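# only geometry, no sequence info:
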């Protein structure tokens with residue numbers, strides 16, 4: 001009996017797939033999707049090669065400038081250098097915030113910079129519409145194709161009168177609907193499978209594939225879940241609609257509301273509900289906090305004098321000339337540490353607002369799965385807010401360590417030097433290079449688990465609704481008495 005049921009299911013699914021493949025509209029749509037994908041894949045790989053080459057050239061230039069200098073350690077800290085966020089192929093699969101968040105970090109003594117030089121700076125308004133990326137196709141165009149495929153799958157049976165015939169022959173409404181759902185999903189898998197395979201091949205021939213492959217596999221799993229959600233949504237619309245025209249209009253309305261209107265609306269609400277302070281206000285607060293102290297009553301000069309007095313007391317010295325080191329270097333580092341403390345104090349306030357925005361959008365993704373898949377895609381591609389902050393923290397840590405090393409070098413080795421203390425290329429070339437790393441993938445999944453659970457929850461909800469309609473609504477109207 002079980003083998004007979006399996007054979008019936010296979011026969012019905014095969015029949016539905018043949019109907020879909022013979023549909024010229026579906027064939028044309030599939031060809032268009034693949035054409036766009038090939039164009040996006042070529043552009044993506046070219047963009048990656050160009051950006052990777054520029055990043056290597058820039059790193060080489062600034063590293064050479066840094067390594068070949070002959071300067072006093074503190075002057076070298078003022079001269080500074082630039083750090084660049086590393087780029088990989090997943091970054092251009094889904095560019096996310098990379099076009100708007102800075103990818104360059106300036107190192108300079110006494111000044112804490114933020115990542116700058118975003119790609120969108122200086123570009124025209126066309127940047128607002130985004131670029132044709134693989135993620136854009138997977139997030140917008142594939143779901144639209146799924147909805148057009150599924151939204152009319154049952155209504156056509158109603159309009160052609162074949163639904164009553166199928167029910168009269170003993171085919172249950174539940175089996176009919178689930179055959180439609182499974183067939184439509186299998187069709188979509190055959191459409192996106194070449195896309196995913198090409199993404200994997202492109203990744204395998206790029207540097208760092210061992211680290212990125214796990215991320216890509218998680219991304220594919222997330223998109224497959226999202227496509228299943230879209231397929232079930234289309235089937236539900238088709239089962240509920242009285243005719244194909246109404247079903248298509250409803251499906252298109254859902255796509256526009258979910259993918260176009262809702263994300264912009266929710267992002268605007270998040271920005272207005274939790275507005276961060278402006279960069280000008282932040283810079284002014286940091287400067288005032290450094291000059292007058294965080295409490296407003298501890299000026300720069302008094303702090304410096306107090307620090308020197310503390311050092312003299314610890315070493316039982318009456319003047320700085322009696323100290324076994326150059327007090328100037330330690331004073332530089334003391335003020336540097338205080339500025340870092342002030343910078344981090346106000347940065348935490350800004351970060352708190354951004355974290356509230358991110359939490360709001362995460363909760364909003366529970367009600368709009370498109371927002372969830374978009375955030376998951378950016379996270380796994382390494383182009384979301386979390387990865388931007390992860391790069392900034394690594395760059396800031398490297399910067400603080402480098403400035404401290406230079407100041408302590410001045411303090412500990414320039415005491416007995418006649419004239420100006422100068423370091424040559426041998427010393428600067430020996431300093432460690434900056435090498436930013438991606439956060440572990442399990443941390444990324446943990447931060448986006450609510451989005452994955454939300455999509456899975458919507459799948460279960462839609463499946464329950466479809467089963468309810470199959471057992472009640474369609475059966476009441478179309479099954480023979």
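Cool, got the structure. The model shown is predicted, which means the values in this text are computed figures rather than measured ones. Residues are numbered from 1 along each chain as shown.
# use CA for all of it now, contacts and neighbours both
Fine.
# List the buried residues in stretch 195-210.
Of the residues in stretch 195-210, those scored as buried under the neighbour-count criterion (16 or more other Cα atoms under 10 Å) are 195, 196, 199, 200, 203, 206, 209.
# Contacts for stretch 197-217, please.
Outside stretch 197-217, the residues within contact range by Cα atoms under 8 Å, 6 or more residues apart in numbering are 88, 89, 90, 380, 381, 441.
# just the residues you listed now: which is nearest residue 101?
Within those, proximity to residue 101 (Cα to Cα) peaks at residue 381, which comes in at 14.6 Å.
# quick one: the residue nearest to the closest one when sequence neighbours are not counted and residue 34, what's the gap?
Nearest residue to residue 381 in three dimensions, chain neighbours excluded: residue 90, at 4.8 Å (Cα to Cα, 6 or more residues apart in numbering). Counting by Cα to Cα, to the nearest Å, the separation of residue 90 from residue 34 is 19 Å.
# re the thing from before, TSV please, covering the buried residues of stretch 195-210 and showing secondary structure and distance to residue 309.
Listed next are these as TSV, based on DSSP: H, G, I helix; E, B strand; the rest coil; distance: Cα to Cα, whole Å:
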residue	secondary structure	distance to residue 309
195	helix	68
196	helix	66
199	helix	63
200	helix	63
203	helix	59
206	coil	57
209	helix	55
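# Give me the lowest-pLDDT entry from those residues.
Here the lowest pLDDT out of the buried residues of stretch 195-210 sits on residue 209, with 74.
# Please name the nearest non-neighbouring residue to the residue at the greatest distance from the centre of the chain.
Residue farthest from the centre of the chain, counting by Cα atoms, centre = their mean, is residue 318 at 57.0 Å. Nearest residue to residue 318 in three dimensions, chain neighbours excluded: residue 312, at 6.5 Å (Cα to Cα, 6+ apart).
# Please identify which helix or strand holds that neighbour.
Assigned by DSSP states H and E, residue 312 falls within helix 300-314.
# Could you name the helices and strands sitting against the next helix or strand after that helix?
Counting by DSSP H and E, the next helix or strand C-terminal to helix 300-314 is helix 327-367. In terms of contacts (3 or more Cα pairs under 8 Å, 6 or more residues apart in numbering; DSSP states H and E), helix 327-367 is packed against strand 111-112, helix 262-273, helix 279-292, helix 300-314, helix 369-381, helix 385-413, helix 449-471.
# quick one: which of the ones you listed is nearest residue 139?
helix 369-381 (7.1 Å).
# thinking again about what came up before, might one say that the residue farthest from the centre of the chain is in contact with residue 310?
No. Under the contact definition of Cα atoms under 8 Å, residue 318 does not touch residue 310, with a separation of 11.3 Å.
# Excluding sequence neighbours, find me the nearest residue to residue 14.
Residue nearest to residue 14 in three dimensions, not counting chain neighbours: residue 183, with 7.7 Å by Cα to Cα, 6+ apart.
# What residues does residue 143 make contact with?
The contact partners of residue 143, by Cα under 8 Å, 6+ apart, come to 227, 230, 255.
# Doesn't the second one lie inside a helix?
Yes. With the criterion set as DSSP: H, G, I helix; E, B strand; the rest coil, the secondary structure at residue 230 is a helix.
# measure it to residue 141 for me?
With the distance defined as Cα to Cα, residue 230 ends up 12 Å from residue 141.
# swap in the first one?
For residue 227, the distance to residue 141 equals 11 Å [Cα to Cα].
# do the same with the last one
Distance from residue 255 to residue 141, counting by Cα to Cα: 10 Å.
# Which one's more surrounded, residue 230 and residue 141?
A direct count of neighbours by other Cα atoms under 10 Å for residue 230 and residue 141 places residue 230 higher, at 27 against 15.
# what's the distance between that one and residue 440?
For residue 230, the distance to residue 440 (Cα to Cα) stands at 30 Å.
# try residue 57
Taking Cα to Cα as the criterion, residue 57 is separated from residue 440 by 28 Å.
# Would you state the strands of the stretch 101-250 of the chain in chain order?
104-108, 111-112 (DSSP state E, counting those that start in this stretch).
# would a markdown table of those with distance to residue 423, mean neighbour count and mean pLDDT be doable?
Output for those, formatted as a markdown table (distance: least, Cα to Cα, whole Å; neighbours: other Cα atoms under 10 Å; pLDDT from 0 to 100):
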| stretch | distance to residue 423 | mean neighbour count | mean pLDDT |
| --- | --- | --- | --- |
| strand 104-108 | 18 | 21 | 91 |
| strand 111-112 | 22 | 17 | 88 |
